[in-house]
Every structure is written in structure tokens, then in C-alpha cells.
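S.K.: Here is my input, please return the structure:
(6 chains)
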Protein chains: 4
Amino acid sequence: MSDWKDDAPIYRQVQERVLAMILDGELKPGDALPSVRQLAVDYRINPLTVSRAYQELDEATLVEKRRGLGLYVREGARELLLAQERERFLREEWPALHRRIERLGLTVRDLWPEETARERHH
Amino acid sequence: MSDWKDDAPIYRQVQERVLAMILDGELKPGDALPSVRQLAVDYRINPLTVSRAYQELDEATLVEKRRGLGLYVREGARELLLAQERERFLREEWPALHRRIERLGLTVRDLWPEETARERHH
Amino acid sequence: MSDWKDDAPIYRQVQERVLAMILDGELKPGDALPSVRQLAVDYRINPLTVSRAYQELDEATLVEKRRGLGLYVREGARELLLAQERERFLREEWPALHRRIERLGLTVRDLWPEETARERHH
Amino acid sequence: MSDWKDDAPIYRQVQERVLAMILDGELKPGDALPSVRQLAVDYRINPLTVSRAYQELDEATLVEKRRGLGLYVREGARELLLAQERERFLREEWPALHRRIERLGLTVRDLWPEETARERHH
DNA sequence: GTGGTCTAGACCACC
DNA sequence: GTGGTCTAGACCACG
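M.R.: Predicted structure coming up:
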């Protein structure tokens, strides 16, 4: 388990994994996150790196610290995350992406073959 | 004119702008690229940074150096660029992007309202 | 009842509450402190944490242990506490605080609207 | 220059110093912050520690990064900081502090001898 | 056991 | 030169 892409900082990739687990419902409100040390061992990275990843999750109020116990997923974390990310994606990333896709001459059908096929059956 | 995003290197952002101009047909084969110095002044960045941006365009055979004159867009640059970028995008970026979009609960219709509407009229 | 601030140790926050009760006269000399177990249940924290909080009160001669009975507020506890805390506050905390308040551009009137108003009537 | 209080993390104390410099006008918009490495040498602490301190200043939009150049105080940083801190102080710190001061039997005059004297001359 | 902080030393990309 | 990231190893307070 050390399939890190080199272009993104590891701590951010760790973050992404945790976020994905929350989005996918693998981590539910009240669940404990894997401990800093455990994750560090599992992924064979430095505890500090995990720590940094976790810190931002706390700042984003997705997770709450229980002193001496660990980090726990907050109530409503998934919904908050979904809303935040959705908004950010549509506002910050999609416009440029959309433009780029159009410039490349790609169409919806190239990217979503199944869905557009389904659409056509309407 | 200094709306740089801090997450991408400036030299790459300069590159993107030039590439976009080629894709959009604003720069055609035989046209000269803006001079390093000019671009540096316009964008208020270090000429070295522009140089670096241009260098890679040369290596990708999209432009050619004419000694003492500057850089010129090569014949077939647009087509080459299109093919390259298209392939790279579909292979490297789209899969992850697609997954992310699905996780956010976004659908084709959220992203391409016009196009999917058009589809429905078929 | 679990409105803990995460920046201060819980055991100290428990302590503060007890001290406040003594200062406010809710707990008078001879009164028994709530039992460790009771407090632990009420606040839903570890008895060890309560213990630790109480221990320091004992060391500061504010309460006395009666074996098998529990902890009791000592004679003169309030006066002792008042003098100690007052002195400590003025010496250790106020100078820095004062500086900070001034830097924020806050004045006595922002903080004590009633009292300064009363002053003016003299 | 290593008068660190042991109770607050060093990186936060570094932060405080920089914030104080902004509040006091020693650092004005457009000014560069001391470089991470320089500060580390001056204060004889680890560059990483300085880095952490600076990172939060960036996140609070008090400072902007110029790639390869360093960190610069943003336009309006002082005003933003003042407003933020003032609000936070009055909302989060003052109420508890006020209560504590009253419990200690301290009055405005104990804390602001000069100002209340001036008031009385009204 | 938990997370938080710090150090020393290293390597990276960028300007 | 700048900041950003990572590691290995240490020590702390807290529960």
C-alpha cells in the first residue's frame, strides 16, 4: 500500500482517501478515524504527515477531536462535504474544464457514452 | 494582467495560454509567438519564466525557432496538439474526474444543461 | 452537559467550575464536594479525570479529604482563593491582556459600558 | 532571542509576533515577511516551525505568497486582522473573562487606574 | 492508548 | 534565493 502519485503531496492524498470514505459511507458519523499512528504504519509514512492531513479535516469541521481518544466523524459530515465540494467544483473547476474539453473537440458522448445513450431513449 | 492561480506554476500557466491560442486558431501555422520580452513585460513576470514555458513548446515540436527572429507556430501544430491532448486527457485525467463527479452526485445534466437538452430533441 | 472547550484540558475545566462555585459561595466551608463518581457520571467523563482535578484542590489546601467520606471545603477557602487568584491575575495575566486590548483599539467603555456610565454620574 | 513561554506552541508565538507587527504598522501592505529560513535562524528554531506559523497567515488571507519570492502582507491586512480579532475577543473571550474578573472582586478602577481617573473629570 | 509539537536534515519546484 | 514537503525520532499532555 504505497501507490502515491508523486505530483500531489502525500498528506493531501491521505486526506482524499478519508474524504472518499466519508462520501462513500464507509465512515459514518460517530465512527473513529484510523489513529494517526496506525495509518502511518499502514501506509508506511510519517505520523506527522498523517497528522497534517487530519488537522485540516478538523478545521473543516468534518471531524471532531476527543482528547486522548482520537478523531471522530461529525454528525452531518457527509452532507457538509458533499455540498462544499459540489459548490467548489462547479464554481472553481468546471468552467475551466468545460472550456478545455470544448477546445479539445470532445463532446458529452465521448465522455458519457452510457448516459447519453440512455438519454436518447426518452 | 496578473491573475495567476497559485497552485500551478506560472510558466505552465503561460504555456496553457499559448496552447489555448493555438487550439482556438488565434495563432496559426507560420504566426510568430509574442516575444519572450514582450510577454514578460505584459504579464509582469520574469523573462526566464517565459523562456521556460516556450522551451517545452519547442521540444514538443509545436513551434520552431528561427534564429534572430523568434518562435513560429509549426505546420500542423493544432492537429498535433489536439490529438495529443485529447488522448492524454481521456487516458490520464478523465477516469479520476469521472469518478469524482459521480461521487459528488453530479450528473451530465448538471454539467451540460444545453447539450443534454439538445439530445432530448433527437 | 458536555460543552468542553477543546483548547483547555478537561480536568482543568472541571476545576474551574468547582472554584467558581466556591468563589460564588455556592460551596461554603464544610460543604462536601460532589463525589468523584457522581461528577464523572454527570459530566460523562472519566473518574480519573475528576480525580486529577480534585487532587490539585487538595494540594492548594482549599479542600480537605475525610477518609471514606469525600472532600470538603476548608475554612477560609474562599478568602484564600480570592487573594491567590487576584494576585496571580494582576501579575501574570492582566499586563499582556491589557496590551492586547489596547492594540485591538478597545476601550474601557467597550468592555464596561455600564460601569463607566455610572462613573460619569459622580 | 529565545524567550518562549513554554505553555503556548512556538509556532503560535511566532505567529503572534508577526500579527503584532502588522497591527503596530511595522509591517505594511506590500512588505515582505522575514523569510522562513531567516526567521528560523534569528529565533533559533526549525524552519518547519516558522513555516507552519506562516501557513495559517496565508490561509487567513492576511498575507500572499509570491512564488519563489516569499510572503507579502496583503492590502488591508491590518484592518481585516483588527476586525477579526476584535470580534473574536468580544464574543469568545471577554464574556468568560468578565465573569472571572467580577468573581475576583476586581473593578474597572483596579485595572484601568488612569482611564477611570480621566473619566471622573468629565 | 490518543493527538500535538519540535528538531535536524533532506529534497523538490519555482523565480 | 523562496516556500513546500517528507522523514526519523523525540517528548509532551491527556484520558
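S.K.: residues near the residue of chain A found nearest chain D, how many?
M.R.: In chain A, the residue that lies nearest chain D is residue A:59 (8.6 Å; Cβ to the nearest Cβ). Heads up, the C-betas are built off the backbone N, CA and C, glycines and all. Neighbourhood size, residue A:59 [other Cβ atoms under 10 Å in any protein chain shown]: 11.
S.K.: Over to the one 10 residues further on?
M.R.: As a burial measure, residue A:69 scores 9 neighbours (other Cβ under 10 Å).
S.K.: need the contact list for residue A:25.
M.R.: Residues in contact with residue A:25 (Cβ atoms under 8 Å, 6 or more residues apart in numbering or on different chains) are residue A:78.
S.K.: Okay, and it sits in which element?
M.R.: Assigned by DSSP states H and E, residue A:25 falls within no helix or strand.
S.K.: Look up phi and psi at it.
M.R.: With angles defined as degrees, to the nearest 10, residue A:25 sits at phi 80, psi 10.
S.K.: close to chain B, is stretch A:101-110?
M.R.: Yes. Shown here: stretch A:101-110 in contact with chain B (Cβ under 8 Å from any Cβ of the partner chain) through A:101, A:103-108, A:110.
S.K.: okay, now the single nearest residue of chain A relative to chain C: neighbour count?
M.R.: Proximity of chain A to chain C (Cβ to the nearest Cβ) peaks at residue A:65, 5.8 Å away. By other Cβ under 10 Å, the residues close to residue A:65 number 13.
S.K.: ditto for residue A:82
M.R.: Residue A:82: 15 neighbours (other Cβ under 10 Å).
S.K.: And for residue A:45?
M.R.: 19.
S.K.: List phi and psi for residue A:32.
M.R.: When quoted as degrees, to the nearest 10, the phi and psi of residue A:32 stand at phi -90, psi 140.
S.K.: who does it bridge with?
M.R.: residue A:72 (DSSP bridges).
S.K.: Identify the residues contacting it.
M.R.: A:69-73.
S.K.: for chain A, which spans come out with low pLDDT?
M.R.: A:1-3, A:5-6, A:115-122 (pLDDT under 70).
S.K.: Mind jotting down where the strands sit in it?
M.R.: A:63-66, A:70-73 (DSSP state E).
S.K.: quick revisit: partners of the residue of chain A closest to chain C in the sheet?
M.R.: residue A:71.
S.K.: hang on, it packs against residue A:57?
M.R.: No. Using Cβ atoms under 8 Å, residue A:65 is not in contact with residue A:57, being 10.1 Å away.
S.K.: which residues are in contact with both of these two?
M.R.: residue A:71.
S.K.: State whether residue A:64 and residue A:75 are indeed in contact, as I suppose.
M.R.: No. Counting by Cβ under 8 Å, residue A:64 sits too far from residue A:75 to count as a contact (9.1 Å).
S.K.: These two: who's more crowded?
M.R.: Per other Cβ under 10 Å, whichever of residue A:64 and residue A:75 has more neighbours is residue A:64, with 16 against 12.
S.K.: Which positions in chain A make contact with chain C?
M.R.: A:65, A:67.
S.K.: For DNA strand F, what's the nearest residue on chain A?
M.R.: residue A:68 (2.4 Å; Cβ to the nearest atom of the strand).
S.K.: Look at that residue and say how many residues are nearby.
M.R.: 9.
S.K.: For residue A:41, see how far away it is.
M.R.: 20 Å (Cβ to Cβ, to the nearest Å).
S.K.: Just give me the neighbour total for residue A:40.
M.R.: 18.
S.K.: which one is residue A:84 nearest to, not counting chain neighbours?
M.R.: Residue nearest to residue A:84 in three dimensions, not counting chain neighbours: residue A:60, with 7.7 Å by Cβ to Cβ, 6 or more residues apart in numbering or on different chains.
S.K.: Likewise for residue A:103?
M.R.: residue B:23 (4.6 Å).
S.K.: hang on, residue A:27 packs against residue A:73?
M.R.: Yes. Here residue A:27 lies in contact with residue A:73, judged by Cβ under 8 Å, at a distance of 5.2 Å.
S.K.: Please enumerate the shared neighbours of these two.
M.R.: Joint contacts of residue A:27 and residue A:73 (Cβ under 8 Å, 6+ apart) are residue A:33.
S.K.: So what's the residue count around residue A:44?
M.R.: Residue A:44, neighbours per other Cβ under 10 Å, totals 8.
S.K.: List the contacts of the closest residue to residue A:56 other than its chain neighbours.
M.R.: Closest residue to residue A:56 apart from its sequence neighbours, by Cβ to Cβ, 6+ apart: residue A:15 at 6.5 Å. Counting by Cβ under 8 Å, 6+ apart, residue A:15 makes contact with A:53, A:56-57.
S.K.: In helices, which of the residues you listed fall?
M.R.: Mapping those onto helices (DSSP state H) picks out A:53, A:56-57.
S.K.: Hmm, residue A:106 is touching residue B:88, no?
M.R.: No. Assessed by Cβ under 8 Å, residue A:106 is found out of contact with residue B:88, at 11.9 Å.
S.K.: Which positions in chain A make contact with DNA strand E?
M.R.: A:33, A:35-38, A:47-48, A:51, A:54-55, A:58, A:65, A:68-71 (Cβ under 7 Å from any atom of the strand).
S.K.: Let me see the ranges of the helices in chain A.
M.R.: A:10-23, A:36-43, A:47-59, A:77-88, A:94-103, A:108-111, A:113-120.
S.K.: Just the CA coordinates for the third one, please, in CSV.
M.R.: It stands for helix A:47-59. What follows is helix A:47-59, C-alpha atoms only, in CSV (Å, rounded to 0.1, in the frame of the first residue of the first chain):
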residue,chain,number,x,y,z
PRO,A,47,2.9,10.2,11.6
LEU,A,48,3.4,13.9,11.1
THR,A,49,2.3,13.6,7.6
VAL,A,50,-1.0,11.9,8.7
SER,A,51,-1.3,14.5,11.4
ARG,A,52,-1.2,17.3,8.9
ALA,A,53,-3.9,15.5,6.8
TYR,A,54,-6.1,15.1,9.8
GLN,A,55,-5.7,18.6,11.0
GLU,A,56,-7.4,20.1,8.0
LEU,A,57,-10.3,17.8,8.4
ASP,A,58,-10.7,19.1,11.9
GLU,A,59,-10.5,22.7,10.7
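S.K.: That one near DNA strand F anywhere?
M.R.: Yes. Using Cβ under 7 Å from any atom of the strand, helix A:47-59 reaches DNA strand F at A:47-49, A:52.
S.K.: Export those to CSV and append columns for neighbour count.
M.R.: Shown next, in CSV, are these (neighbours: other Cβ atoms under 10 Å in any protein chain shown):
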residue, neighbour count
A:47, 14
A:48, 12
A:49, 19
A:52, 19
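S.K.: got TSV for these, with distance to residue A:7 too?
M.R.: Putting the residues of helix A:47-59 next to DNA strand F into TSV (distance: Cβ to Cβ, whole Å) gives the following:
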residue	distance to residue A:7
A:47	23
A:48	21
A:49	16
A:52	18
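S.K.: Need these in a markdown table (columns: distance to chain D).
M.R.: Formatted as a markdown table, those follow (distance: Cβ to the nearest Cβ, whole Å):
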| residue | distance to chain D |
| --- | --- |
| A:47 | 14 |
| A:48 | 9 |
| A:49 | 12 |
| A:52 | 9 |
